[in-house]
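Student: Turn this into a model:
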Amino acid sequence: MNNIINDIRDKARQLLAEGKVDVVIGYEKGSLPLKATPFFAHSPAEVDSLIWDETCENNLATYVAKTPGKKAIVAKGCDSRALAVLLQENQLVRDDLYIIGVSCTGVIDQRKIVAEVGEILEAGINDGKISVKGMAGDKEYLFAELKDATCQTCRYPNPVLEDVHLGETIAVSQEAPAFADVIALEEQSAGERQDYFKEQMSKCIRCYACRNACPLCYCQECFVDCNSPRWLTGGVNRAENLFFQAGRVLHLAGRCVDCGACTRACPQGVDIRALNRKMTKDVYTMYNHEAGISEDGKPALNEYTTNDPEQFLVKE
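Tutor: Numbering: from 1, shown residues only. Now for the predicted structure:
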């Protein structure tokens, strides 16, 4: 891992020293254990703060369009897919973007740790093992035990779009996605699904952390912030929470890259991914489309073919 960190720092230092970019967007060690935070290096002297490990969970594509000038970004697979979608939607200029690709073995799901040892006081990562000192006890984990659910189903750990690749690539099967989690939810009765989402939406406090963490929620004014028309009240209730989350899912149809940033950002542990994954499955099944696989690809809902399913037009 140290070799990759050194390679990232060397490349960032070179790009900044040669004036090829104005800023390098990567990660630095956060103030909390097992937390990395986005970092913006503007000079060669600052690049020594850059890190790379299993705590680098943010999708850095969120910050690219908001950062002026020429920029480099340290991108894992899901970050690069989000960049591809943003390029398709003309939110980025490719000539202003330098992508430092790094393969990702996954990120840590801290909720699994907190559930067992309470608040994390100290932690360290060494040779694939995570040692944790918590409020309720100490424990050592294998990384495989803590891998985020999104990473467990990821088929694109290697960047799909990059200008340079640092470190080794990861061999991964490119078979069609199984969507076992979505199928299990679909097999439940309507009442069971309704009860599940009632429970999930009851936890939502509509802080919009999910929206803010999403690299593809870039509207200058979100529909929930509109006053005319006014879609939602200022309060928080289960029905309006579902309306907000369903609205996001529909806006992300054929665009979501399943990076999991929304779920990890949620302070309440709402299963936001369940809705996103259902839409992703439907788009894949009906249109054979996966978001952000290629910069040249077209969004599923922006392209028409004579073979498109049109069941909604046919009355059986």
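
Student: who does the helix or strand of the chain with the lowest mean pLDDT touch, helix- and strand-wise?
Tutor: None of the helices or strands of the chain scores lower by mean pLDDT, DSSP states H and E than helix 238-251, at a mean of 90. Secondary-structure packing of helix 238-251 (3 or more Cβ pairs under 8 Å, 6 or more residues apart in numbering; DSSP states H and E): helix 190-203, helix 209-213, helix 272-287. (C-beta placed from N, C-alpha, C; glycine too.)

Student: Show me what secondary structure element comes after that helix.
Tutor: Counting by DSSP states H and E, the next helix or strand C-terminal to helix 238-251 is helix 261-265.

Student: Which positions in the least confident helix or strand of the chain come out as buried?
Tutor: Buried residues in helix 238-251, counted by 16 or more other Cβ atoms under 10 Å: Glu240, Asn241, Leu242, Phe243, Phe244, Gln245, Arg248, Val249, His251.

Student: Which one of those is nearest to Ala171?
Tutor: Closest approach between these and Ala171, by Cβ to Cβ: Val249, at 32.0 Å.

Student: which stretches of the chain form helices?
Tutor: Along the chain, the stretches classed as helices by DSSP state H are 2-17, 61-64, 77-88, 110-117, 143-146, 149-152, 180-186, 190-203, 209-213, 238-251, 261-265, 272-287.

Student: Pipe those helices into CSV and attach distance to Asp225 per row.
Tutor: CSV is the format used below for these (distance: least, Cβ to Cβ, whole Å):
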stretch, distance to Asp225
helix 2-17, 36
helix 61-64, 18
helix 77-88, 21
helix 110-117, 29
helix 143-146, 36
helix 149-152, 27
helix 180-186, 30
helix 190-203, 19
helix 209-213, 10
helix 238-251, 11
helix 261-265, 17
helix 272-287, 19
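
Student: mind checking which of those helices is nearest Asp127?
Tutor: Asp127 lies closest, by Cβ to Cβ, to one member of the helices of the chain: helix 143-146, at 9.5 Å.

Student: which outside residues touch that closest one?
Tutor: When contacts are defined by Cβ atoms under 8 Å, 6 or more residues apart in numbering, helix 143-146 is touched by residues Glu54, Thr105, Gly106, Ile108, Asp109, Gln110, Lys112, Ile113, Ile125, Gly128, Lys129, Ile130.

Student: Pull out the buried members of those.
Tutor: Glu54, Thr105, Gly106, Ile108, Asp109, Gln110, Ile113, Ile125, Ile130.

Student: Next step: those restricted to strands.
Tutor: The strands, defined by DSSP state E, take in Ile125, Ile130 from those.

Student: Quick check: the farthest pair among the buried ones among the contacts of helix 143-146?
Tutor: Thr105 and Ile113 (17.7 Å).

Student: Show the low-confidence segments of the stretch 101-250 of the chain, by residue range.
Tutor: Within the stretch 101-250 of the chain, the set of residues satisfying pLDDT under 70 is empty.
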